[in-house]
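Asker: Quick one: sequence and predicted model below, then my questions.
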Amino acid sequence: MDSLLTYIHNKKDIHDTLFLKFYTQLRQGIRLGYNNGPYEALTSSGLDFIRNDSLRSAINVTYTQLPFFQFFSHQVDDKSNARISELEYNFINHSAFEQEDGSKSLGFQFKVNDVIYNQDFLWVYDLEKRKYDEYIVRLQQMRNSLRGLKVKIDEELKK
């Protein structure tokens, strides 16, 4: 993302191969996840054995929030990917070609000159940046929630 932004802002030409490398990395999706196993094990055996009401509540709240953080980040990803696919169609063709060694492959071919300045590409970049920012927010929320729970657990274990 940063490499492409440098080319965009500096109005520098970029070789097609380098652009495709950066673009492919830009388009790598992120899916947030977490391990719900420990919580499921706790709830199946009953949380009643945790005597501290505050800790028991914190565990429930934390593991109730995590699916929402995951859901919202995935929703942003799913919605933007549909739009990105539409936009990509305006500046990239997928085409069959033959490699130097004679093997056949699929690859990208640009429909436009100076793809780095193409409005459709810039919209794709913007959508990817927004997705990235959303992931960061959701990861921070997950981390803060889990850290808060860890503090409560540590306090209980010290008693």
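Answerer: Structure's in. What do you need?
Asker: mind checking pLDDT for residue 25?
Answerer: Taken from the predicted model, the pLDDT recorded for residue 25 is 88.
Asker: C-terminal to the strand or helix carrying it, which secondary structure element comes first?
Answerer: The secondary structure element spanning residue 25 is helix 16-26 (assigned by DSSP states H and E). Moving toward the C-terminus from helix 16-26, the first helix or strand encountered (DSSP H and E) is helix 37-45.
Asker: which strands and helices sit next to that following helix?
Answerer: Using 3 or more C-beta pairs under 8 Å, 6 or more residues apart in numbering; DSSP states H and E, the elements in contact with helix 37-45 are helix 53-88. Just so you know, the C-beta spots here come from the backbone N, C-alpha and C atoms, and that holds for glycine as well.
Asker: give me the number of residues near residue 129?
Answerer: 14 (other C-beta atoms under 10 Å).
Asker: Please apply the same query to residue 58.
Answerer: The number of residues packed around residue 58, counting by other C-beta under 10 Å, is 20.
Asker: For it, give its distance to residue 12.
Answerer: With the distance defined as C-beta to C-beta, to the nearest Å, residue 58 ends up 51 Å from residue 12.
Asker: what sits against the residue nearest the centre of the chain?
Answerer: For the chain, the residue whose C-alpha lies nearest the mean C-alpha position (C-alpha atoms, centre = their mean) is residue 30; its distance is 2.9 Å. By C-beta atoms under 8 Å, 6 or more residues apart in numbering, the residues touching residue 30 are 73, 77, 131, 132, 135.
Asker: just checking, residue 121 touches residue 115?
Answerer: Yes. Residue 121 sits in contact with residue 115 when judged by C-beta atoms under 8 Å, with a separation of 5.4 Å.
Asker: So between these two, which is more surrounded?
Answerer: Each of residue 121 and residue 115 had its neighbours counted (other C-beta under 10 Å), and the higher figure belongs to residue 121 (23 against 19).
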